[in-house]
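Participant: okay, predicted coordinates and the sequence, questions at the end:
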Amino acid sequence: MACMFLAGKANYYPRSVKDVIFAGHQLMEKDDPLALERFNNKEEMKRHKELIFLAERIVLQTLDFELNVALPYTPLIEALNEFQLSHHFALGQAAWNFVNDSYRTTLCLQCKPNQIAAGALFLASKFVKIQLPSVGGKTWWQVLNVTARQFEEVCNQIVDLYENDNQPPPLPRLPQPLPPPPSPLGLPLPPMPPRPWPLPLPPPLPLPLPLPLLRLPPLPLLRLPPLPRPGPPPLPPRPRQLRPGLPPLPPRPRPRPGLPPLPPRPGLPPLPPRPWPWPPNPGTP
């Protein structure tokens, strides 16, 4: 489950650790219908999360944090284009399937991607009965930069996988019938008759009788008076703002009531009234 959790994040398809736990236990404990009920407990779910996080760190340290892994699919497609066999659908599909089945073995840890692609291409050519061509005086395995011994080892391991699959699988475990409930009077109950399989279909439901169509008179149209449209609300008073950077003006002093006016300064005669309009200056021409 830690590898599934890490592979989802490495291939930009992340899934929550809770979904990974549920999916893993659904596959591992198919025969136990109460397996997933244990995870309703928060302590049990927390313990499984910590185990997955620990296993994820172990996998990353084992791989030396190298997640950019080359796959055999790219050299396989390049080889089909090099041999001008990309139009042959049966050959490409068979080789693709052989590469998929190679992941059920440890070939991805033993051989390079081009070696696995060469072995899958050779098995596919034998399966569809096509001879692989040579390009530029080189055999097809030399074009893929693979020796004959290397792709033969890949072919042998894939063939061994299919030979092991031909063995008869173990019989599935059938569910055991539940014991009959005890009798409230303590008397033995008669055995229940066997239930037929497949179960008989229930009888079809009777079709409802067709109801006569009722034609109702049209309803009169009601004309409602137009609703009064309220006007826009009054705008709030705009606060007075001072210019930024200028200090506020000091308060203007007000005269105190009850004080007499200041007397004129002594020693200065009052100014005579000036005539109007002013007389012309005699010194001017």
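Facilitator: Received it, and whenever you're ready, just let me know what you need.

Participant: does K18 touch K42 like I think?
Facilitator: No: counting by Cβ atoms under 8 Å, K42 is not a contact partner of K18; they are 11.5 Å apart. (C-beta placed from N, C-alpha, C; glycine too.)

Participant: looking at those two, which one has more neighbours?
Facilitator: K18 (12 against 8; other Cβ atoms under 10 Å).

Participant: so that one, which of the three states?
Facilitator: Three-state assignment for K18 (DSSP: H, G, I helix; E, B strand; the rest coil): helix.

Participant: got a list of what it touches?
Facilitator: Shown in contact with K18 (Cβ atoms under 8 Å, 6 or more residues apart in numbering): 45, 49.

Participant: could you redo the last one with a cut-off of 6 Å?
Facilitator: Taking Cβ atoms under 6 Å, 6 or more residues apart in numbering, we find K18 in contact with no residue.

Participant: how much space separates it from D32?
Facilitator: 19 Å (Cβ to Cβ, to the nearest Å).

Participant: just A120 next, same as before
Facilitator: 38 Å.

Participant: who has more neighbours, those two?
Facilitator: A120 (28 against 11).

Participant: thought F98 was touching the more buried one, still the case?
Facilitator: Yes: taking Cβ atoms under 6 Å as the definition, A120 is a contact partner of F98 at 3.7 Å.

Participant: overlap of the contact sets of these two?
Facilitator: Joint contacts of A120 and F98 (Cβ under 6 Å, 6+ apart) do not exist.

Participant: count of neighbours near the closest residue to E56 other than its chain neighbours?
Facilitator: Sequence neighbours aside, A2 is the residue nearest to E56 in space, at 4.6 Å (criterion: Cβ to Cβ, 6 or more residues apart in numbering). Using other Cβ under 10 Å, A2 has 19 other residues around it.

Participant: what residues are up against A2?
Facilitator: Residues in contact with A2 (Cβ under 6 Å, 6+ apart) are 52, 55-56, 59.

Participant: give me the low-pLDDT residue ranges for this structure?
Facilitator: 33-36, 39, 166-217, 219, 222, 239-246, 253-268, 277-285 (pLDDT under 70).

Participant: and it, what are its domains?
Facilitator: 2-62, 73-165 (automatic domain parsing).

Participant: return the most buried member of the ones you listed.
Facilitator: Highest mean neighbour count of these: domain 73-165, a mean of 17 (counted as mean count of other Cβ atoms under 10 Å).
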